[in-house]
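> Kindly generate the corresponding structure for this input.
(one chain, ligands or ions: 1)
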Amino acid sequence: MNVIECHALIKNHGSRKALNNLSLTITENKITGLIGRNGAGKTTLLKIIAGYWRETAGEVKVFSNKPFNNLSVSANTIFIDDQMNFPTALTLKQVLEEAGNFYPNWDMELALKLFNYFSFDSRQVHNNLSKGNKSTFNMIVGISAHCPLTIFDEPTTGMDAAVRKDFYRALLKDYLAHPRSIILSSHYLDEIEDLLEDVILIENGEKYFHTPIEELKETAIGLSGDKEIITGLVADQDVLYRTNGEGNHSYSVVLKKDLSSKQIEKLRDSGVEYHQYHQTICACT
Ligand SMILES: Nc1ncnc2c1ncn2[C@@H]1O[C@H](COP(=O)(O)OP(=O)(O)OP(=O)(O)O)[C@@H](O)[C@H]1O
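Numbering: from 1, shown residues only. Model (predicted):
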């Protein structure tokens, strides 16, 4: 079943085009990574999918409904980011208790387990938490809600490396027990690649590729350097993504990995940089 369908989606923020004719389909019960550099349009896309923002043009369907201001979509969706606010009069523990009234699949046992594991104090209030602890608490809400569509927009802001690792482990463990549709946006594919089934790369509001992660791992390499040399080298290759910065030496491509060792040697001799796929994508940030 398709959980999300976007067709020719456009979103303008004033004169700025944040999404530009973007089409994609996400099927149910998958963890999908949404990758792109700053300003690529990730948050805009996710807020439209979550029903917070209305598209300028094109079509978006979530659970077969237009998501903007739609009660059925919001009952089945949770959107976690670092701007989340909770009532200031409630302690963290009370927030977890109240969440059970909002989310029909709320797993209080899991919420309390994670709450204790990450050493939260039940009397604390959300407003007074550090940036990293806010993200950690938000993530506990996001996982424990067991929403059919769970969206994490840059969920690890401020978390240190150990907590990020624990979060990804907790998310994967819970997803395996309770499969659902999860979208995880990040600048860093290498950090989340072990969780993902599919990856979507967007750039300048457009989709560059949407592919199973295993396929990407097996088949992709990145090249960057002189545009003319690279264009000549990849003329007969299956290019997944290309970006054309300013000047001759900022051209990058991600392509299917069927270069011979001779070709790779030639690349290095000609000054073209050769990377594993994720290093090139991460370098976009
Ligand atoms: N509320 C807004 N008003 C005006 N412009 C906006 C607004 N939100 C986003 N934009 C613009 O839309 C474009 C896409 O921004 P968006 O936040 O969706 O990108 P992103 O990929 O999530 O970036 P980041 O990784 O930095 O969070 C950017 O050019 C941004 O400046």
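> so who does the residue most central in space within the chain touch?
By Cα atoms, centre = their mean, the chain has its centre lying nearest to S185, at 1.7 Å. Residues near S185 by Cβ atoms under 8 Å, 6 or more residues apart in numbering: G33, L34, I35, G36, K42, T43, L46, I151, F152, D153, E154. C-beta here means a position set from N, CA and C on the backbone, and glycine is covered the same way.
> Check the average confidence over the helix or strand where the first one lies, would you?
Spelled out, that is G33. Element membership for G33, per DSSP states H and E: strand 31-35. For strand 31-35, mean pLDDT is 94.
> On the three-state scheme, the residue nearest to the centre of the chain is what?
Using DSSP: H, G, I helix; E, B strand; the rest coil, the structure places S185 in strand.
> Pairing partners for it in the sheet, please.
When bridges are called by DSSP bridges, S185 pairs up with L34, D153.
> now it: how far from M108?
27 Å (Cβ to Cβ, to the nearest Å).
> what do you get for F137?
Distance of F137 to M108, computed by Cβ to Cβ: 15 Å.
> Among these two, which residue is more densely surrounded?
For the pair F137 and M108, the greater number of neighbours falls to F137 (22 against 13), based on other Cβ atoms under 10 Å.
> my read: that one touches S119, true?
No: F137 lies out of contact with S119 (Cβ atoms under 8 Å); the separation is 11.4 Å.
> need the contacts of S185 in JSON lines with distance to the ligand and neighbour count, can you?
Shown next, in JSON lines, are the contacts of S185 (distance: Cβ to the nearest ligand atom, whole Å; neighbours: other Cβ atoms under 10 Å):
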{"residue": "G33", "distance to the ligand": "13", "neighbour count": "23"}
{"residue": "L34", "distance to the ligand": "8", "neighbour count": "29"}
{"residue": "I35", "distance to the ligand": "9", "neighbour count": "27"}
{"residue": "G36", "distance to the ligand": "5", "neighbour count": "25"}
{"residue": "K42", "distance to the ligand": "3", "neighbour count": "24"}
{"residue": "T43", "distance to the ligand": "3", "neighbour count": "20"}
{"residue": "L46", "distance to the ligand": "8", "neighbour count": "21"}
{"residue": "I151", "distance to the ligand": "12", "neighbour count": "25"}
{"residue": "F152", "distance to the ligand": "12", "neighbour count": "26"}
{"residue": "D153", "distance to the ligand": "7", "neighbour count": "22"}
{"residue": "E154", "distance to the ligand": "6", "neighbour count": "18"}
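> Present these as TSV; the columns should include distance to Q237.
Shown next, in TSV, are the contacts of S185 (distance: Cβ to Cβ, whole Å):
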residue	distance to Q237
G33	24
L34	25
I35	21
G36	23
K42	27
T43	32
L46	32
I151	34
F152	34
D153	33
E154	32
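> just the residues you listed now: which is nearest R123?
Nearest to R123 among those is F152, at 26.8 Å by Cβ to Cβ.
> ok, now which ones touch that closest one?
Per Cβ under 8 Å, 6+ apart, neighbours of F152: I80, D81, M139, G142, I182, I183, L184, S185.
> rewinding a little: show the model's pLDDT score for the residue nearest to the centre of the chain.
pLDDT, S185: 94.
> So which bits of this structure are right by the ligand?
H13, G14, R16, A18, G36, N38, G39, A40, G41, K42, T43, T44 (Cβ under 6 Å from any ligand atom).
> Going by neighbour count, which of these are buried?
Listed as buried from those are A18, G36, A40, G41, K42, T43, T44; burial here means 16 or more other Cβ atoms under 10 Å.
> what's the nearest residue to the first one if we skip its chain neighbours?
To tie it back to what came earlier, the one meant is A18. The shortest distance from A18 to any non-neighbouring residue, by Cβ to Cβ, 6 or more residues apart in numbering, is to T44 (4.1 Å).
> Where does that neighbour sit, in terms of helix or strand?
Short version, using DSSP H and E: T44 is in helix 42-49.
> C-terminal to that helix, what's the next element?
strand 57-62.
> hmm, back to that, out of the buried ones among the residues of the chain next to the ligand, show me where the pLDDT dips lowest.
Confidence-wise, G36 trails the rest of these, at 84.
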